[in-house]
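> Below are the sequence and a predicted model for it; my questions follow.
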Amino acid sequence: MRVIVVGGGVVGTMHAWQAVQRGHEVVQIEREAEARGASLRNFGQIWVSGRAGGEELDTALRARELWERIGAEVPGLGFRAIGSLTPVRNAREHAVAEAAVARPDASARGYKLVTAAEAREINPALRGDFEAALWCERDAAVEPRTAQLHLREALRASGRYTFLPGREVREVTGPGAVRDDHGDVHRGDAVVLATGAWLSGLVRELAPDLPVRRVRLQMMQTAPLGERLTTSVADADSFRYYPAYASPALDALNAEQEQAPVAAAHKMQLLMVQRLDGGLTIGDTHEYEHPFAFDTLEDPYEHLTGVVEAFLGRPLPKIRHRWAGVYAQCTDTSRVVHRQQVGDGVWLVTGPGGRGMTCSPAIAETTANELGW
């Protein structure tokens, strides 16, 4: 079988990986010289802890298993089974963490409520003030800015993979066939459009009523911390944005403990992961209303700096990079992904939202199974 994958981000690359692993030939087409969207502009978290139960959790857990397996084959991914800690600072936040640990699926997520002293044993860099922490053993991380490069290197070694950058697919010309803006037609047994947040052009023509929206966020990265951050770290505002934490305790938190004004205005949470070079990737905000602002705003960065410094008990290293990113999210946020046949032998796979990095291996596996690869 010959598979044409359109899109060089992590979802597209994982579809290429699944096809090559199953013995097929793959041509992957990317409109930029390299992927430049959400697949690079994220935390690199394999984030099991906050996922909704049912299909979403099952997908995240399967993806976590696949990430670890692929990471063993492709060491350049930088896969690390580091887990995560969410420090809590008062009784209301503590109650939400307790409710999470009481979930029937808590053991599958690796949830455990630990004391502040136990949290510091797990992650000695957390020297600030907090009273306890929610530990999630199943969370992990990879290096988002280089993951696709190393995956493609491994794919090329198979002898059945071709990467074509700098080409925008403009037209479906027949069953399993597309034409790019160089005038070349690429034919296969199946075409997968994994175009991420690029929902215009050909995607709009093929799926004009697509139930997917775009979301913008802001993030930053620091100089090396100078010590190891042994887990990823979130703050209790993250409880407000992830479905796994829904409970009467969360309702009470939302009703009785307001977010800081900047955090509320920008729909913010703290997520933080250390990169292999020692720097910290820190975010994030959420913006849903179009048109998106073209500039990044300083107040969210100042807020995140304050939250991080309170947990670390030390000044944050110099901020080296700030950026904004856009990802595609199903308008029905309970859906893991939107998968739709949009032509003869042509499928569109998009809309995983903030789950793209986490769930992409399992999303691609499901596509391959459903299409009979």
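Now that the structure is in, tell me what you want to look at. Residues are numbered from 1 along each chain as shown.

> Please make it C-alpha for all contacts and neighbour counts, starting now.
Fine.

> where does the residue lying closest to P315 once chain neighbours are set aside fall, phi/psi-wise?
Among residues not flanking P315 along the chain, E309 sits closest, at 5.5 Å (Cα to Cα, 6 or more residues apart in numbering). E309 has phi and psi values of phi -60, psi -30 when expressed as degrees, to the nearest 10.

> what about the strands in the stretch 1-150 of the chain?
Taking DSSP state E, counting those that start in this stretch to define them, one finds strands in the stretch 1-150 of the chain at 2-6, 25-30, 45-46, 84-88, 111-115, 132-136, 140-141.

> Kindly state which of those is positioned closest to G37.
strand 25-30 (11.3 Å; Cα to Cα).

> Pull out the CA atoms of that closest one and give them to me as PDB.
Below are the C-alpha coordinates for strand 25-30, written out as PDB (Å, rounded to 0.1, in the frame of the first residue of the first chain):
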ATOM      1  CA  GLU A  25       5.200   3.100   1.500                       C
ATOM      2  CA  VAL A  26       4.600   6.700   2.600                       C
ATOM      3  CA  VAL A  27       5.000  10.100   1.000                       C
ATOM      4  CA  GLN A  28       4.600  13.000   3.500                       C
ATOM      5  CA  ILE A  29       4.000  16.500   2.200                       C
ATOM      6  CA  GLU A  30       4.500  19.700   4.200                       C
END
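
> partners of that strand, with directions?
strand 2-6 (parallel), strand 161-165 (parallel) (DSSP bridges).

> Contacts made by the last one with the rest, please.
Residues from elsewhere that reach strand 161-165, judged by Cα atoms under 8 Å, 6 or more residues apart in numbering: 20, 25-34, 152, 155-156.

> and the next element down the chain from it?
strand 169-174 (DSSP states H and E).

> mean confidence for that next one?
In this model, strand 169-174 carries a mean pLDDT of 96.

> mind listing what's buried in that strand?
Judged by neighbour count (16 or more other Cα atoms under 10 Å), strand 169-174 contains these buried residues: 169, 171-172.

> try stretch 11-25
Neighbour-count burial for stretch 11-25 [16+ other Cα under 10 Å]: 11-20, 24-25.

> Out of those residues, which is nearest to G372?
For these, the residue nearest G372 by Cα to Cα is A19; the value is 10.5 Å.

> So for the closest one, what's the pLDDT?
Per-residue pLDDT puts A19 at 98.

> Pull the number of nearby residues for the nearest residue to V342 once chain neighbours are set aside.
Nearest non-adjacent residue to V342, counting by Cα to Cα, 6+ apart: L206, 5.8 Å away. By other Cα atoms under 10 Å, the residues close to L206 number 18.

> confidence score at L206?
pLDDT, L206: 97.

> do R36 as well
R36 is given a pLDDT of 81.

> begin at 103 from here
Fine by me, first position is 103 from now on; the one you just mentioned is R138.

> can you tell me how far it sits from R269?
14 Å (Cα to Cα, to the nearest Å).
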